[in-house]
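1. This is a predicted model, with the sequence first.
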Amino acid sequence: MQGVLSGFAVIAIVIAVGYALGRGGHLGANGREVLTKLAFHVASPALLFTTLARADLAVVFSSRLLVTALSTAAAAGAFVAVGVARHWGVGRTTIGALCSSYVNSGNLGIPIAVYVLGDASLVAPVLLFQVVVLTPVALTILDVAGMGEKGPWWRRLLAPLRNPIAIGSLTGVLVSALGLHVPGPVMDPLTLIGNMSVPAVLLAFGISLHGSTLPGRGHDRHPVFLSVALKSVGQPLAAWALASMVFDLHGAPLLDVTVTSALPAAQNLYTYASTYRAGEELARDSILLSTVLSVPVLVIVAALLG
């Protein structure tokens with residue numbers, strides 16, 4: 001359980017620093033917005049490019065990836081169905097679907113994979129699926145719906161091709177697929193810039209907590225509770241059922257896919273919500289609550305399947 005507790009401790013400390021910065025006003029009135037834009041337009045694309053450029057794309061054909069894709073689709077699809085029925089709107093429904101299915105595979109998933117599963121590469125299928133498929137699809141929906149760039153429908157349709165997150169992800173995949181070697185003078189600065197992504201996201205998230213209502217108390221409480229339930233319980237249950245009953249996985253592989261599906265919603269979802277001005281309260285509360293709930297969920301999963 002050291003990996004679970006260590007990963008959460010790191011996140012909690014950085015978020016607390018962000019909260020202190022927000023409370024003290026040390027970064028000014030626009031500090032959160034600057035950090036969010038830095039993460040979305042610069043640091044996160046660099047991180048995704050450097051990560052995927054070095055990735056082994058053979059994991060695309062693994063059964064773990066299929067379990068990840070199907071369990072993600074189940075959780076996100078359930079939220080979308082309710083969001084459409086309740087008329088929550090494209091922006092909130094898209095962000096809520098992400099909060100229901102997009103796991104924290106980076107700054108939390110990697111240490112947990114190392115300490116609980118014994119291999120950091122086991123989060124690669126989740127990371128690849130999310131940055132190559134899930135993120136571009138979700139941001140495309142927000143762009144086409146007019147949450148991002150304004151203008152004619154055909155211009156909004158092409159907007160994802162200029163989206164920095166999509167560009168960073170797809171360029172990294174292309175480099176890896178072609179077996180290209182990125183020279184050190186290019187890769188090293190990108191790696192340095194990418195290292196700012198996680199701290200910037202966590203600090204911005206911490207700043208946003210200052211002055212906000214308690215999680216689940218705002219006008220988005222119903223979408224929040226639904227997304228947290230799907231993320232914390234629905235998605236890991238779906239992954240376990242698919243892995244054990246459909247793909248006949250047992251032992252360590254079954255534990256791997258269930259643990260990675262039980263990870264909480266990723267903090268960078270708040271960056272997307274803030275950038276598109278859609279479901280910001282929903283993203284903030286869902287991330288916070290799913291992170292808290294994931295501690296006992298991960299402990300139970302590890303105890304039952306480990």
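-> Yes, it's here.
2. Once you drop chain neighbours, what's closest to Met196?
-> Spatial nearest neighbour of Met196, excluding adjacent residues (CB to CB, 6 or more residues apart in numbering): Ala43 at 4.2 Å. For glycine as for every other residue, the C-beta is placed from the backbone atoms N, C-alpha and C.
3. what about the one you found, how many neighbours?
-> 25 (other CB atoms under 10 Å).
4. got the end-to-end distance for stretch 225-243?
-> Stretch 225-243 stretches 26 Å from its first residue to its last (CA to CA, to the nearest Å).
5. May I see the buried residues of that stretch?
-> Residues 226-232, 234-240, 242-243 are the ones in stretch 225-243 that count as buried (16 or more other CB atoms under 10 Å).
6. re the thing from before, can you tell me which residues contact the residue nearest to Met196?
-> When contacts are counted by CB atoms under 8 Å, 6 or more residues apart in numbering, Ala43 is found next to 193-197, 200.
7. what's next to stretch 181-198, contact-wise?
-> Outside stretch 181-198, the residues that touch it by CB under 8 Å, 6+ apart are 38-39, 42-44, 46-51, 53, 106-107, 175, 267-268.
8. Show me those residues that map onto helices.
-> Among the contacts of stretch 181-198, DSSP state H puts 38, 44, 46-51, 53, 175, 268 in helices.
9. Can you tell me which of those residues has the most neighbours?
-> The residue in the ones in helices among the contacts of stretch 181-198 with the most neighbours, by other CB under 10 Å, is Asn268 (32 neighbours).
10. hang on, that residue packs against Val201?
-> Yes. Using CB atoms under 8 Å, Asn268 is in contact with Val201, at 5.2 Å.
11. What pLDDT does the model give the residue nearest the centre of the chain?
-> When CA atoms, centre = their mean is applied to the chain, the residue found nearest the centroid is Ala266 (3.4 Å). Among the per-residue scores, Ala266 holds a pLDDT of 88.
12. Overlap in contacts, Asn268 and Val201.
-> 39, 44.
13. Can you tell me how far Asp143 is from Ala9?
-> Counting by CB to CB, to the nearest Å, the gap from Asp143 to Ala9 is 36 Å.
14. The two: which has the busier surroundings?
-> Asp143 (22 against 11).
15. per-residue confidence for the more buried one?
-> The model reports Asp143 with a pLDDT of 82.
16. The helix or strand hosting it - contacts with which helices or strands?
-> Applying DSSP states H and E as the criterion places Asp143 in helix 135-144. On a contact count with 3 or more CB pairs under 8 Å, 6 or more residues apart in numbering; DSSP states H and E, helix 135-144 meets helix 90-101, helix 153-158, helix 164-178, helix 268-276.
17. Try it again at 7 Å.
-> For helix 135-144, the elements it packs on are helix 90-101, helix 153-158, helix 164-178, judged by 3 or more CB pairs under 7 Å, 6 or more residues apart in numbering; DSSP states H and E.
18. Among these, which comes closest to Val297?
-> Of all the helices and strands packed on helix 135-144, it is helix 90-101 that lies closest to Val297, at 14.4 Å by CB to CB.
19. what does the closest one contact?
-> Residues from elsewhere that reach helix 90-101 (CB atoms under 7 Å, 6 or more residues apart in numbering): 72, 75-76, 79-80, 83-84, 88, 138, 141-142, 145, 147, 223, 227, 230-231, 235, 265, 269, 272-273, 276, 278-279, 282-283, 286-287.
20. List the contacts of the residue lying closest to Ile167 once chain neighbours are set aside.
-> Leaving aside its chain neighbours, Ile167 sits nearest to Pro45 (6.2 Å; criterion: CB to CB, 6+ apart). By CB under 7 Å, 6+ apart, the contact set of Pro45 is 164-165, 167-168.
21. Look up the pLDDT of Pro45 for me, please.
-> 87.
22. ok, it to Phe205 distance?
-> 19 Å.
23. got it, and Val198?
-> Noted for Val198: a distance of 11 Å to Phe205, by CB to CB.
24. Give me the more crowded residue out of these two.
-> The neighbour count for Val198 versus Phe205, taken as other CB under 10 Å, is higher for Phe205 (28 against 22).
25. how far is the strand or helix carrying the more buried one from where the chain is centred?
-> Per DSSP H and E, Phe205 falls inside helix 197-209. Distance of helix 197-209 from its chain centroid, counting by CA atoms, centre = their mean, to the nearest Å, is 14 Å.
26. low-confidence ranges in the chain?
-> For the chain, the stretches flagged by pLDDT under 70 are 1-5, 7-8, 59-61, 106-108, 110-111, 114-116, 118-121, 147-162, 212-218, 306.
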